[in-house]
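1. coords please:
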Amino acid sequence: MPTTTHYSILNPAKPLATPAGICALAVMAKAPRPGNVKTRLVPPLTVDQAAAINACFLRDTTENIAAIAASGNAAGIVSYTPIGDEALFDTLLPDGFALIPQRGDGFDERLLATAEDLLASGYGSICLIDSDSPTVPTAAFQQAVAELAKPGDRIILGPAHDGGYYLIGLKRAHPELFANITWSTSSVFAETIAAAQAANLETVILPLWYDVDDAATLDILTAELLHNTPPPFTAIPGYHAEHTRNFLGKLNQQGSGRP
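-> The predicted model follows:
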């Protein structure tokens with residue numbers, strides 16, 4: 001259970017004494033403040049419920065990552081925004097996680113800056129992971145870490161069902177992978193693949209999964225966690241996501257949310 005009531009904040013200007021080859025598994029997250037997160041889920045959820053489920057997503061994703069980090073070849077990070085809301089992550093993160101503030105204006109700038117800052121902090125490779133996919137199979141994260149540990153430069157992409165991606169893994173900060181991408185559209189994954197091909201970068205594709213960012217994908221999540229009905233577009237089991245499962249169960253008992 002997450003019990004952390006304090007946190008460390010990484011400073012890229014002061015590189016860590018990390019063992020060679022450690023992969024930073026970094027969740028890109030907004031602090032779970034009501035009205036600032038998961039607004040596309042309002043309705044069917046209330047503003048407070050949307051913030052609460054966002055916190056559940058973060059707990060489940062970081063616990064999934066923590067199990068991988070326990071092997072010793074990866075580390076758990078949360079790349080957060082906004083600066084000043086660090087305390088909202090108290091009690092949410094497993095022991096051993098660190099925070100690193102996001103910088104930049106657009107999403108492309110924040111992704112690239114996080115990659116640059118984590119590599120400058122001393123990590124051998126990094127995965128930038130969305131905070132909207134609490135049931136990503138543990139095996140997908142393990143595969144990303146294993147592929148990045150191999151010699152040679154490459155990128156790792158976890159495609160999302162909506163045309164985006166839930167993970168991008170890098171050994172170097174490649175600006176061309178984030179420039180001129182039509183963000184928040186169904187072409188993000190395809191455009192990123194094209195950018196990687198133009199840069200002659202080997203690309204490893206992870207299993208297809210999904211983001212939860214609207215009522216329709218909330219229904220998919222509810223079916224997966226409460227009714228043991230896996231998403232129709234995958235043949236592998238997802239992460240059990242106990243915090244999210246319990247939250248959805250309580251909503252259904254109360255007659256709110258989407259059963």
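2. tell me how far the host helix or strand of Leu221 is from the chain's mean position?
-> Following DSSP states H and E, one finds Leu221 within helix 215-226. Helix 215-226 sits 18 Å away from the centroid of its parent chain (C-alpha atoms, centre = their mean, to the nearest Å).
3. Who are the packing partners of the following helix or strand past it?
-> Next along the chain after helix 215-226, taking DSSP H and E as the criterion, comes helix 242-254. For helix 242-254, the elements it packs on are helix 47-69, helix 215-226, judged by 3 or more C-beta pairs under 8 Å, 6 or more residues apart in numbering; DSSP states H and E. Where you see a C-beta, it was placed from the backbone N, CA and C, and this is true even at glycine.
4. any idea how far Gln49 is from Gln254?
-> Gln254 sits 10 Å away from Gln49, going by C-beta to C-beta, to the nearest Å.
5. who's more crowded, the two?
-> Gln49 (21 against 9; other C-beta atoms under 10 Å).
6. Check the more buried one and give its pLDDT.
-> Confidence at Gln49, expressed as pLDDT, is 97.
7. Now do the contacts for Thr185.
-> 163-164 (C-beta atoms under 8 Å, 6 or more residues apart in numbering).
8. Which of the helices or strands spans it?
-> Using DSSP H and E, no helix or strand contains Thr185.
9. Do a quick rundown of the helices in the stretch 51-200 of the chain.
-> All helices of the stretch 51-200 of the chain, identified by DSSP state H, counting those that start in this stretch, fall at 107-120, 138-148, 188-198.
10. Out of the ones you listed, flag the one nearest Val42.
-> helix 107-120 (20.8 Å; C-beta to C-beta).
11. Burial check on Leu148, number of neighbours?
-> Leu148 has 23 nearby residues by other C-beta under 10 Å.
12. got a pLDDT number for the residue lying closest to it once chain neighbours are set aside?
-> Nearest residue to Leu148, sequence neighbours excluded (C-beta to C-beta, 6 or more residues apart in numbering): Ser125, at 3.9 Å. In the predicted model, Ser125 carries a pLDDT score of 97.
13. For Lys38, give me the pLDDT.
-> 95.
14. What's the local residue count around it?
-> 26.
15. which ones are touching it?
-> Contacts of Lys38 (C-beta under 8 Å, 6+ apart): 45, 50-51, 53-54, 132, 213.
16. hmm, back to that, reformat the helices and strands packed on helix 242-254 as a markdown table; add distance to Leu208.
-> Listed next are those as a markdown table, based on distance: least, C-beta to C-beta, whole Å:
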| stretch | distance to Leu208 |
| --- | --- |
| helix 47-69 | 17 |
| helix 215-226 | 13 |
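17. Select, out of those, the one closest to Ile155.
-> That would be helix 47-69 among those, by C-beta to C-beta, at 19.0 Å.
18. ok, now which ones touch Val145?
-> Counting by C-beta under 8 Å, 6+ apart, Val145 makes contact with 23, 25, 68, 73-74, 127.
19. Most neighbours of all the residues you listed, which one?
-> Leu25 leads the contacts of Val145 on contacts (other C-beta under 10 Å) with 30 neighbours.
20. ok, back up a step: the contacts of Val145: which two are farthest apart?
-> That would be Asn73 and Cys127, which, of the contacts of Val145, are the farthest apart (C-beta to C-beta) at 12.3 Å.
21. Name the residues contacting each of these two.
-> Common neighbours of Asn73 and Cys127 (C-beta under 8 Å, 6+ apart) are 23, 145.
22. Using CSV, list the CA coordinates for stretch 65-85.
-> Output in CSV follows, covering the C-alpha atoms of stretch 65-85 (Å, rounded to 0.1, in the frame of the first residue of the first chain):
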residue,chain,number,x,y,z
ILE,A,65,5.9,0.1,-11.8
ALA,A,66,7.2,-0.4,-8.3
ALA,A,67,7.0,-4.2,-8.7
ILE,A,68,9.2,-3.9,-11.8
ALA,A,69,11.6,-1.5,-10.0
ALA,A,70,12.0,-4.0,-7.2
SER,A,71,14.1,-6.1,-9.7
GLY,A,72,16.8,-3.5,-9.5
ASN,A,73,17.0,-2.5,-13.1
ALA,A,74,14.4,0.2,-13.1
ALA,A,75,13.2,3.1,-11.0
GLY,A,76,9.9,4.7,-10.4
ILE,A,77,9.4,8.4,-11.2
VAL,A,78,6.4,10.8,-11.4
SER,A,79,6.9,13.8,-13.8
TYR,A,80,4.4,16.2,-12.4
THR,A,81,2.7,19.5,-13.0
PRO,A,82,1.9,22.1,-11.6
ILE,A,83,4.9,23.1,-9.5
GLY,A,84,3.6,23.9,-6.0
ASP,A,85,1.2,20.9,-5.8
